[in-house]
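**Student:** got a predicted structure here, sequence first:
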Amino acid sequence: MSSMEINSVLAQMRSMSVQATGMAVESEASNPASFSTMLSQSIEAVNNTQQKAGALSEAFIKGETDASLAEVMVSLQKSNLSFQTVVQTRNKLVDAYKEVMRMSM
């Protein structure tokens, strides 16, 4: 690659970075997401993951899918991992709340 091609690629990367940053700032300003909204979306995503994993597992057991055992197990592990992440997040939030309540004013 010549230096002109490298400079061209770098310029494109910089312009894409500026565009992405500009879009992120605009979307945050126009629609600020509250913590409760983000939390409910996360819980909904975990629920969807668990439902899909359960449906895939049932379909595999009944022989109604072409999915392999490995795909089913990976799906179940993803579901378990996402659930454990939510549980640990909840535990950390409860600990933080307790710590704030223990602070003296």
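**Tutor:** Now that the structure is in, tell me what you want to look at.
**Student:** when you work out contacts or count neighbours from here on, use the C-alpha atoms and nothing else.
**Tutor:** OK.
**Student:** got the domain ranges for the chain?
**Tutor:** The chain resolves into domains spanning 1-32, 33-105 when parsed by automatic domain parsing.
**Student:** got those domains as CSV, with mean neighbour count columns?
**Tutor:** Shown next, in CSV, are the domains of the chain (neighbours: other Cα atoms under 10 Å):
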stretch, mean neighbour count
domain 1-32, 11
domain 33-105, 13
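**Student:** need the contact list for the spatially most central residue of the chain.
**Tutor:** When Cα atoms, centre = their mean is applied to the chain, the residue found nearest the centroid is Ser42 (7.3 Å). By Cα atoms under 8 Å, 6 or more residues apart in numbering, the contact set of Ser42 is empty.
**Student:** just the element for it, please.
**Tutor:** helix 35-62 (DSSP states H and E).
**Student:** that helix - what's its average pLDDT?
**Tutor:** Computed over helix 35-62, the mean pLDDT rounds to 90.
**Student:** next helix or strand past it?
**Tutor:** Helix 35-62 is succeeded, C-terminally, by helix 69-102 (DSSP H and E).
**Student:** quick one, that following helix and helix 35-62 angle?
**Tutor:** Interaxial angle of helix 69-102 relative to helix 35-62 (axes from the mean of the first three to the mean of the last three Cα atoms, to 10 degrees): 150 degrees.
**Student:** report the separation between Val72 and Val86.
**Tutor:** For Val72, the distance to Val86 (Cα to Cα, to the nearest Å) stands at 21 Å.
**Student:** one more: Val46?
**Tutor:** From Val46 over to Val86 the distance is 8 Å, taken as Cα to Cα.
**Student:** check Ser79 too.
**Tutor:** Taken as Cα to Cα, the span from Ser79 to Val86 is 11 Å.
**Student:** again, but for Gln77
**Tutor:** Note on Gln77: its distance to Val86, by Cα to Cα, is 14 Å.
**Student:** kindly report the same for Ile43.
**Tutor:** 7 Å.
**Student:** and Thr49, by the same measure?
**Tutor:** To Val86, Thr49 is 12 Å away according to Cα to Cα.
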